[in-house]
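A.B. asks: Build the 3D model from these lines:
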Amino acid sequence: MGRALVFSGQGAQFVGMGKDLCEAYPECRALYEQANEVLGFDLAGICFDGPEEELTKTSNCQPAIFVTSAACYAALRREIPDLACEGLAGLSLGEWTALHVAGALPFAETVKLLEARGRFMQQACDARAGGMLSVIGLDTAALETICTQAGVEISNVNSAEQTVLSGTREGIEKAESLAKEAGAKRAIPLRVAGAYHSSLMRSAAEQLDATLAEIRIGQTDRPVIANVTGEPHGSSAEIRTQMVRQVTSSVQWLASIQWFKAHGVSEYVECGPGRVLSGLIKRIDKGAAVHNIQDLQSLKSTVEALRPTA
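C.D. replies: Next up, the predicted model:
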């Protein structure tokens, strides 16, 4: 049975995330302590105690989810050191976690990078008000027509049933109305700061490109699926290019899971807060075995399911 690790994206955060793992495992505590030192403020305190408005700030949220996801993976490795894994993927910022775990980026560099990425994206949101809309139950042709009519873009292809659109607030309001008229099962505006994974994030992509020019990116030791293509990353230079493109391009999550399935993966472990990816994977591949690690209780259940029996 092939296995893949997947890592949480922004929006999965909650106050208290990682706290019990940090108390139980020195490896997890060391990650939060290192992140605090790198950033120069108490990221761990924001994760563990909030307040929620501080945790949800994009420049805090992105490194916070990364560190918590890395801690979930560290706890898993402590329990099952020789855990086999054929590939990795992550949703948006979670792709950075996957690249770190696969050896392409050191921990400290990734923490700093994600704090900067969060700031760049927030600045882009502040410069141009935007939003996102989750649409369930429309095919690609109908969605493309809506995008053309409303002046919005497809930002996430999460499953065959669910697609997310991004654009200006006016465009998203129009898209919501058009989606309902077209027979969508649901059209739900998302509570987000702006139009992520769209052309409205171009300034953030440009800033990220300049920042990445100063960072060394290595090769991955296992396939890491790129959000932009739904296929494995290539060379270090290609990783750099794709991660800049990711800021303004749609996330091909459906294609990513389909790639894993086509290459024999039938078991997934989601590391990080929330269970969003677990739910999406089950919609794409109903026969897949899906596990989640976000706290001590879920870690215990996952370890029991994964640990070989004597």
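A.B. asks: Now for this protein, the helix or strand with the poorest mean pLDDT.
C.D. replies: Ranked by mean pLDDT, DSSP states H and E, the weakest helix or strand in the chain is helix 52-55, scoring a mean of 93.
A.B. asks: For the nearest residue to Leu133 once chain neighbours are set aside, which three-state class applies?
C.D. replies: Closest residue to Leu133 apart from its sequence neighbours, by C-beta to C-beta, 6 or more residues apart in numbering: Leu165 at 4.6 Å. To be clear about C-beta, it is placed using only N, CA and C from the backbone, and glycine gets the same treatment. Three-state call for Leu165 (DSSP: H, G, I helix; E, B strand; the rest coil): strand.
A.B. asks: Per-residue pLDDT of Leu165, please?
C.D. replies: Turning to Leu165, the model gives it a pLDDT of 98.
A.B. asks: residues near it, how many?
C.D. replies: 30 (other C-beta atoms under 10 Å).
A.B. asks: Run through the bridge partners of it.
C.D. replies: Beta bridges link Leu165 to Leu133, Ile154 when assigned by DSSP bridges.
A.B. asks: picking up where we left off before, so which residues make contact with the least confident helix or strand of the chain?
C.D. replies: With contact meaning C-beta atoms under 8 Å, 6 or more residues apart in numbering, helix 52-55 is reached by Gln13, Phe14, Val15, Ile46, Cys47, Asn60, Cys61, Ala64.
A.B. asks: can you do 6 Å?
C.D. replies: Applying C-beta atoms under 6 Å, 6 or more residues apart in numbering, the external contacts of helix 52-55 come out as Gln13, Val15, Ile46, Asn60.
A.B. asks: Export these to TSV and append columns for pLDDT, secondary structure and distance to Ala210.
C.D. replies: As requested, the contacts of helix 52-55 are exported to TSV (pLDDT from 0 to 100; DSSP: H, G, I helix; E, B strand; the rest coil; distance: C-beta to C-beta, whole Å):
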residue	pLDDT	secondary structure	distance to Ala210
Gln13	94	coil	27
Val15	96	coil	33
Ile46	97	helix	27
Asn60	94	helix	22
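A.B. asks: circling back: how close does the residue nearest to Leu133 sit to Met201?
C.D. replies: 14 Å (C-beta to C-beta, to the nearest Å).
A.B. asks: what residues are up against the nearest residue to Gly274 once chain neighbours are set aside?
C.D. replies: Once flanking residues are discounted, Gly274 sits nearest to Ala12: 3.2 Å by C-beta to C-beta, 6+ apart. Applying C-beta under 6 Å, 6+ apart, we find Ala12 in contact with Pro273, Gly274, Val276.
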